[in-house]
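Enquirer: Sequence first, predicted coordinates after that:
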Amino acid sequence: MRLTRKISCESCRFKCDIHEAAQFSGRSFSGAKIIQAQFRKHERICRQGDPVSHALYLFEGSAKLFIEGINGHNIILYLMKPPAYIGLLSFFESIHYTYSVTAIEDSKVCMVDLNFLKELYLENHQVLLKLNKAFGKSVALIMNKITCLNQKNIRGRIAESLLYLSEFFGSVKYTLPVTRKELGEMSAISEENTVRLLTELRKEGIVAVEGRKVTIKDPTLLRKISELG
């Protein structure tokens with residue numbers, strides 16, 4: 001991780017909701033004590049169990065949010081791409097992160113003083129609405145993940161993960177941003193079963209897989225597999 005403290009938010013082309021709200025309320029943005037952090041691919045942005053000290057805003061790159069399980073058995077809850085707030089689930093209730101976030105490509109994050117954001121949240125209606133919307137989206141993704149893992153078999157779960165990635169990239173053709181092991185962690189199945197299921201779906205003509213390049217050839221059938229689970 002590389003930190004930069006001398007940040008000119010006025011000249012930044014990735015202005016976040018926090019900057020807009022601070023201007024609207026007449027606050028000096030210097031109170032936000034902005035620190036910009038650059039993370040390399042696979043570098044940890046925040047770690048489960050660590051204290052929450054800043055509000056984190058992902059403005060470049062992408063990352064995975066996951067629960068660290070016993071003996072390295074992790075569960076990836078969802079992926080993030082800009083603009084995205086990191087740490088909203090620990091914003092008020094917990095002083096420690098209840099999950100970890102790792103960059104899946106070189107990424108940049110703005111770290112905002114937590115107390116500054118809390119004050120804006122309480123006094124600015126627009127900040128409240130926008131953060132609550134982002135929080136609600138995070139909760140919805142997690143609830144959907146819980147339902148998927150609890151009610152679907154492994155074939156339905158891998159189908160759901162492939163469809164999720166298709167929606168994430170907005171295309172039926174995409175390059176896997178994660179390894180086979182991590183794809184398994186998105187579906188709560190082993191790496192071996194992940195490889196086997198991808199092979200089955202490929203032989204059935206539902207998907208084409210070449211290295212990390214995936215093409216969903218029959219989205220309707222894949223969605224049916226996901227739904228029936």
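Expert: Perfect, I can see it now.

Enquirer: just the helices in this protein please.
Expert: 17-25, 114-123, 125-151, 154-169, 180-187, 191-203, 219-228 (DSSP state H).

Enquirer: Break the chain into its domains for me.
Expert: For the chain, automatic domain parsing gives the domain ranges 2-142, 152-228.

Enquirer: Tell me how far the closest residue in space to Ala84 that isn't next to it in sequence lies from Leu197.
Expert: What sits nearest to Ala84 in space, not counting adjacent residues and going by CB to CB, 6 or more residues apart in numbering, is Leu58, at 4.4 Å. For glycine as for every other residue, the C-beta is placed from the backbone atoms N, C-alpha and C. Applying CB to CB, to the nearest Å, the value for Leu58 to Leu197 is 30 Å.

Enquirer: Those two: which is more packed in?
Expert: The neighbour count for Leu58 versus Leu197, taken as other CB atoms under 10 Å, is higher for Leu58 (24 against 21).

Enquirer: Could you pull up the contacting residues of the residue nearest to Ala84?
Expert: Met80, Lys81, Pro82, Pro83, Ala84, Tyr85, Ile86, Ser107, Lys108, Val109 (CB atoms under 8 Å, 6 or more residues apart in numbering).

Enquirer: ok so, going back, using a markdown table, lay out the domains of the chain together with mean pLDDT.
Expert: As requested, the domains of the chain are arranged in a markdown table below (pLDDT from 0 to 100):
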| stretch | mean pLDDT |
| --- | --- |
| domain 2-142 | 82 |
| domain 152-228 | 96 |
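
Enquirer: just checking, Gln48 touches Thr102?
Expert: No: at 10.8 Å, Gln48 does not count as touching Thr102 under the criterion of CB atoms under 8 Å.

Enquirer: Quick one: residues contacting Leu114.
Expert: Val52, Ser53, His54, Ala55.

Enquirer: Just grab the bridge partners of the third one for me.
Expert: With DSSP bridges applied, the residues forming beta bridges to His54 are Asp113.

Enquirer: That one: neighbour count?
Expert: 22.

Enquirer: for the second one, same thing?
Expert: The local packing count at Ser53 equals 12, with neighbours defined by other CB under 10 Å.

Enquirer: Distance check, the residue nearest to it when sequence neighbours are not counted against Ile225.
Expert: Closest residue in space to Ser53, ignoring its immediate chain neighbours: Leu114 at 6.5 Å, by CB to CB, 6+ apart. Leu114 sits 43 Å away from Ile225, going by CB to CB.

Enquirer: now do Gly170
Expert: 21 Å.

Enquirer: same deal with Ile142?
Expert: Taking CB to CB, one finds Ile142 at 23 Å from Ile225.

Enquirer: Between those two, point out the one with more neighbours.
Expert: Per other CB under 10 Å, whichever of Ile142 and Ile225 has more neighbours is Ile225, with 23 against 16.

Enquirer: is it true that the more buried one touches Arg155?
Expert: Yes: using CB under 8 Å, Ile225 is in contact with Arg155, at 6.1 Å.

Enquirer: quick one on the thing from earlier: narrow the contacts of Leu58 to those in strands?
Expert: With strands defined by DSSP state E, the entries of the contacts of Leu58 inside them are Met80, Ala84, Tyr85, Ile86, Ser107, Lys108, Val109.

Enquirer: which among the residues you listed gets closest to Thr215?
Expert: Met80 (23.9 Å; CB to CB).

Enquirer: what residues are up against Tyr121?
Expert: Taking CB under 8 Å, 6+ apart, one finds Val127, Leu128, Leu131 in contact with Tyr121.
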